[in-house]
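Participant: All I have is the shape, not the residue letters:
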């Protein structure tokens, strides 16, 4: 795809947009349609698009699998830890109300969902990129 | 009516999975099969003339959000299954140099 | 602690001890000692029977009303004394026999012999069908290594047949029969059985049929084939286990089931004629087959099948006199058959005679053995100067009292057939001139002594039979 | 204390990222052991609590059911939890060398990750009170098990895993479809709520439709007779330790789902009495038992033989369950436990004896008794337990199975079960025959380290213990059975 200028230029324009849209979906999860799952996939899509369009020996996606794996694991860990955090404050698992700094249940829930969604987003995008890289690698 | 179409999709996927000997085509069949169930769930939540379930100041008929959430999870499962299946097929391709089920089974004897 | 439990624990500990000492060369001495001590314990149990009768020792309750429990009853005492006495004498015999026949895996023999006797005693002491079933299976499994002591293809094949018939019938027939009994009455105990109520006759008969086939150790046809197969075992095994312990266990179990579990709820039903016919068939058929056997041990084995059915016939008629006859025959047949087997073992060991056709003129070189064999044969036929006559007499009395003319005629025919295959053996050893007369070999003293002792006891019993009969009569009339 | 139900699921899940993050330090095994031990301790505490104080409910995030997701630990789930936790512990303790031998060292941490996820899935299925979550956990455990199976060191392992994936996915989708149908007519996913709603529902046709789909879907998972094909290949080609683990857990989870769905959720409408479904199923299973036992006798590969045997035993469990009488359900539950222990111990023994061998043929066992007398006697006890001889655990379950069949007056099926249980002796005998009466011809060495004896010996003692003292198995099962039949659950 080296000489396909149209695709390259459009992609250069699109990738930042996709990234921003992904982040928008990510951070609006707690009060409108959106959330970690969708955002993760959208973010991953931008990375994959980048790799599809611009890949050659020098520029192929620099993130190596080990680091992606760490991201995935960190995402899961974040999710579980937030859940367990509720336990420490006497609530049930995933009881976000206790996360609030003030004693306001709804703000606590906001923080809780926010953190959990970040965890989910990290894991999902990581897994998506990893799946792509795995298949891409085995083709070569 | 639309349920009937859905059932056709369901059967179609199942038939592809059983009939095809090409493993990749089987995976495609599996995906069709799974999608039919996803559509079935979405159909369950549909009300006539309903809007998406987003909190607004006024009240209105909204479709049931729960099946959507469920299907989101199911889709994730389906993606994992597909990718795992494809990964396994790649490995099989390396080992047997074919992705045709009949030929692999022949290799057994 | 109860003496019963002491006996069983003693046997278990001895088993462990024998296993530990399995590499010692004088393992047979330990075995002799153990069997002697076991005999002593059983005698003392016999002497203290008034105290011990009916006391139950519950070891563990496995689940609802199904427990491993031991107790002692009169029939048990008889079997206990007989089997332990004969075990002691057989062990004396065996320790010499194995040496003479060059068995190189004696440790296996002694360990499993003890194990089998432990199982037999367990069967004797069992209070319920569950306990009996456990020991029944242990007995099967523990005798298998004895049957296949010499490992060659034929013997392994016979051993397999032995194992599969015994295990198979017990799993296919006996276990369901026990469970049916449990589900119909809610109890499988001998000491306080719950009568069957509201159960149709067909199911009762069916269950009994399952029991008869299930205890294949009693060798009722068509599941008798294991007994001839087991004759590949060394003679002491054939003698004690397959003429006394194992087969008698089968008969003992059936006797208890009929007398205690069924006897309490039913009297003789017309449809029980099925069993009479079945058993009569076994008696006649086994005698006919025995006639054609040349091998001494096989002839004895088929004779055993027939004799066991005498006992069962007596039990199943459920008339007091016939039960008495059955229990008497239970004892007497044990003495007679063990003598016959042990003599056959002496013939095989000392003179390499294994077939009836080779027995010519043995009396000149083996007078004691031949005398013992003659006594044994006479017991089997049931001729007057021996104890076999007593039991047969009572059996015929019992049968005629309940007007079982078919059975009476069968007994008479069978007696003739018995004579038909035992008398030629006697005739050959005493009156035919054999090729072996000029041989230097004589019968082995260590082998003959225990056999002769048993013979003497057997002969004595005829003259002191009154206490035995009266002792058993108490049981017979108790039912 | 009150947080235990969720911790049982969450702790293994928390250890998953730790295993991945610490992959450089070669401590995956230790983490898995730690997780399994912790898990087992938690399960034990929970079980004791439930047995003394009754069922425990746990609402995630503090949302009450049926809006929120709830966990439900009653006696039935605790029984299965104990089983899964125990099997997991046993397999984990004895798996170190085996995993090192079969899995390439760069993938060991992935193997353990999948293992943990699989266990999480199992415990999740058991604890959840929400049928959709049950599906999700089912898929978690299935996906990780596909991976575990594909790690076998035989050429066909991957193919076996893929085939299992196809069949398993179809089954899962059937389950999902049935869940959709149930949701359609009731509008709830919570099991307790579902029970209430279903009792008043009028569209029996749709319920029946859902039942059939569930039956097929779960039937695949628990390898019921016509749907058992995957199990044979899976057991034969997956890494032997995975086979060991699955023999005690995977199919039993299927049985658990049957219990939960048919005897708990759908109990009020008597799903098995509709259209005399139970008679058809019993007949089908009986035919299955006969055929399967026959196939088992014909096998020369021990793993395949034992796999067929597992299918047969599962049919027994299933038959006993659908009799729907107290003793039948007791028989079923008791046999779940006993068969798990017996089969796991058999597989474990074979696994430890033949660590580096790809497939274990019958002839490989030849002459074992002379080289490994202790192991051989353990093996003998296990084999006899499989046949169901008295004083072993197998006898107890057989007793109850036959008792329940007799009580239901299914004479013909009784005779089939009795006959096949005798036929079991034939293939067990083939093993014993090799072990005790054949000379070792190929000079294969059986290496065993001291500490590997411990699990085998322990399991053997357990088999004998459960054959003599049955208050743990029969007692608990009986009270569960009465709860189910008389509708207390």
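Facilitator: Sure thing, it's come through. Only a predicted model underlies this, so the values are computations on that prediction, with no experimental measurement involved.
Participant: going forward, measure contacts between C-alpha atoms and count neighbours the same way
Facilitator: Fine.
Participant: does any part of the top strand by length along chain C sit near chain D?
Facilitator: Ranked by residue count, the top strand of chain C under DSSP state E comes out as strand C:57-63. Yes. Counting by CA under 8 Å from any CA of the partner chain, chain D has neighbours in strand C:57-63: C:60-63.
Participant: Tell me which residues are up against the helix or strand of chain B with the lowest mean pLDDT.
Facilitator: The helix or strand of chain B with the poorest confidence is helix B:101-108; it has a mean of 73 (mean pLDDT, DSSP states H and E). Identification of contacts with helix B:101-108 by CA atoms under 8 Å, 6 or more residues apart in numbering or on different chains yields B:21-23, B:96, B:98.
Participant: Tell me which residue of chain D lies closest to chain A.
Facilitator: Residue nearest to chain A within chain D: residue D:61 (3.8 Å; CA to the nearest CA).
Participant: my guess is that residue is in a helix, correct?
Facilitator: Yes. Counting by DSSP: H, G, I helix; E, B strand; the rest coil, residue D:61 is found in a helix.
Participant: count of residues packed around the residue nearest to residue D:437 when sequence neighbours are not counted?
Facilitator: Among residues not flanking residue D:437 along the chain, residue D:367 sits closest, at 7.1 Å (CA to CA, 6 or more residues apart in numbering or on different chains). Using other CA atoms under 10 Å in any protein chain shown, residue D:367 has 21 neighbouring residues.
Participant: wait, isn't residue D:367 in contact with residue D:431?
Facilitator: No. Look at residue D:367 against residue D:431 with CA atoms under 8 Å: they stay out of range, at 11.0 Å.
Participant: OK, contacts around residue D:35?
Facilitator: By CA under 8 Å, 6+ apart, the contact set of residue D:35 is D:11-12, D:15.
Participant: CSV for the residues you listed, including neighbour count and secondary structure?
Facilitator: As requested, the contacts of residue D:35 are exported to CSV (neighbours: other CA atoms under 10 Å in any protein chain shown; DSSP: H, G, I helix; E, B strand; the rest coil):
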residue, neighbour count, secondary structure
D:11, 19, helix
D:12, 27, helix
D:15, 23, helix
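Participant: Take those and lay them out in JSON lines including distance to chain B and pLDDT.
Facilitator: As requested, those are exported to JSON lines (distance: CA to the nearest CA, whole Å; pLDDT from 0 to 100):
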{"residue": "D:11", "distance to chain B": "22", "pLDDT": "85"}
{"residue": "D:12", "distance to chain B": "20", "pLDDT": "85"}
{"residue": "D:15", "distance to chain B": "21", "pLDDT": "87"}
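Participant: could these be laid out in CSV, adding distance to chain C?
Facilitator: Below are those laid out as CSV (distance: CA to the nearest CA, whole Å):
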residue, distance to chain C
D:11, 37
D:12, 37
D:15, 41
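Participant: and which of these is nearest residue C:262?
Facilitator: Nearest to residue C:262, judged by CA to CA, of these is residue D:12 at 58.4 Å.
Participant: The closest one against residue D:117, yeah?
Facilitator: Yes. Residue D:12 is within contact range of residue D:117, at 7.2 Å (criterion: CA under 8 Å).
Participant: buried stuff in the helix ranked longest in chain A?
Facilitator: Under DSSP state H, the helix in chain A containing the largest number of residues is helix A:105-139. Judged by neighbour count (16 or more other CA atoms under 10 Å in any protein chain shown), helix A:105-139 contains these buried residues: A:107-133.
Participant: Hmm, residue C:90 is touching residue C:450, no?
Facilitator: Yes. Using CA under 8 Å, residue C:90 is in contact with residue C:450, at 7.1 Å.
Participant: Quick one: mean pLDDT for stretch C:5-15?
Facilitator: If you average the pLDDT over stretch C:5-15, you get 86.
Participant: quick one: it to chain centroid distance?
Facilitator: 22 Å (CA atoms, centre = their mean, to the nearest Å).
Participant: what about the helix or strand hosting residue A:79 and chain B, touching?
Facilitator: Following DSSP states H and E, one finds residue A:79 within helix A:65-88. No. Between helix A:65-88 and chain B, judged by CA under 8 Å from any CA, nothing touches; the nearest distance is 14.3 Å.
Participant: if I pick residue C:312, what's in contact with it?
Facilitator: Counting by CA under 8 Å, 6+ apart, residue C:312 has contacts C:251, C:254-255, C:279, C:326.
Participant: pLDDT and secondary structure for these - can I get that in a markdown table?
Facilitator: Shown next, in a markdown table, are the contacts of residue C:312 (pLDDT from 0 to 100; DSSP: H, G, I helix; E, B strand; the rest coil):
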| residue | pLDDT | secondary structure |
| --- | --- | --- |
| C:251 | 88 | helix |
| C:254 | 88 | helix |
| C:255 | 86 | helix |
| C:279 | 87 | helix |
| C:326 | 85 | helix |
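Participant: what's the weakest-modelled helix or strand in chain D?
Facilitator: helix D:368-371 (a mean of 76).
Participant: packing partners for that helix?
Facilitator: Packing partners of helix D:368-371 (3 or more CA pairs under 8 Å, 6 or more residues apart in numbering or on different chains; DSSP states H and E): helix D:373-387, helix D:411-437.
Participant: Which pLDDT does the model give the nearest residue to residue B:45 once chain neighbours are set aside?
Facilitator: Leaving aside its sequence neighbours, residue B:45 sits nearest to residue B:64 (CA to CA, 6+ apart; 4.7 Å). Residue B:64 carries a pLDDT value of 76.
Participant: shouldn't residue B:64 be in contact with residue B:43?
Facilitator: No. Applying CA under 8 Å, one finds residue B:64 not in contact with residue B:43, separated by 10.0 Å.
Participant: Could you tell me which residues touch both of these two?
Facilitator: Joint contacts of residue B:64 and residue B:43 (CA under 8 Å, 6+ apart) do not exist.
Participant: Hmm, residue C:136 is touching residue C:124, no?
Facilitator: No. Assessed by CA under 8 Å, residue C:136 is found out of contact with residue C:124, at 10.4 Å.
Participant: Averaged pLDDT, stretch C:116-127. What do you get?
Facilitator: For stretch C:116-127, the mean pLDDT works out to 88.
Participant: And the contacts of that stretch?
Facilitator: C:4, C:8, C:11-12, C:56, C:68-72, C:76, C:79-80, C:131-132, C:135-136, C:138-139, C:142-143, C:189-191, C:241, C:245-246, C:249, C:253.
Participant: for chain D, what are the nearby residues on chain B?
Facilitator: B:27, B:30, B:34, B:37, B:40-41, B:44, B:70, B:73-74, B:77, B:80-81, B:84-85, B:88-89, B:91-92, B:95.
Participant: quick one: low-confidence ranges for chain D?
Facilitator: D:1, D:65, D:270-275, D:440-448, D:487-489 (pLDDT under 70).
Participant: top helix in it by residue count?
Facilitator: Within chain D, and with DSSP H defining each element, the longest helix by residue count is helix D:157-186.
Participant: What of chain B?
Facilitator: Chain B, longest helix under DSSP H: helix B:65-96.
Participant: ranges for the helices of the stretch 351-479 of chain C?
Facilitator: C:367-381, C:387-401, C:405-431, C:445-463, C:465-478 (DSSP state H, counting those that start in this stretch).
Participant: secondary structure element for the spatially closest residue to residue C:235 that is not a sequence neighbour?
Facilitator: Nearest non-adjacent residue to residue C:235, counting by CA to CA, 6+ apart: residue C:345, 5.4 Å away. Per DSSP H and E, residue C:345 falls inside helix C:320-351.
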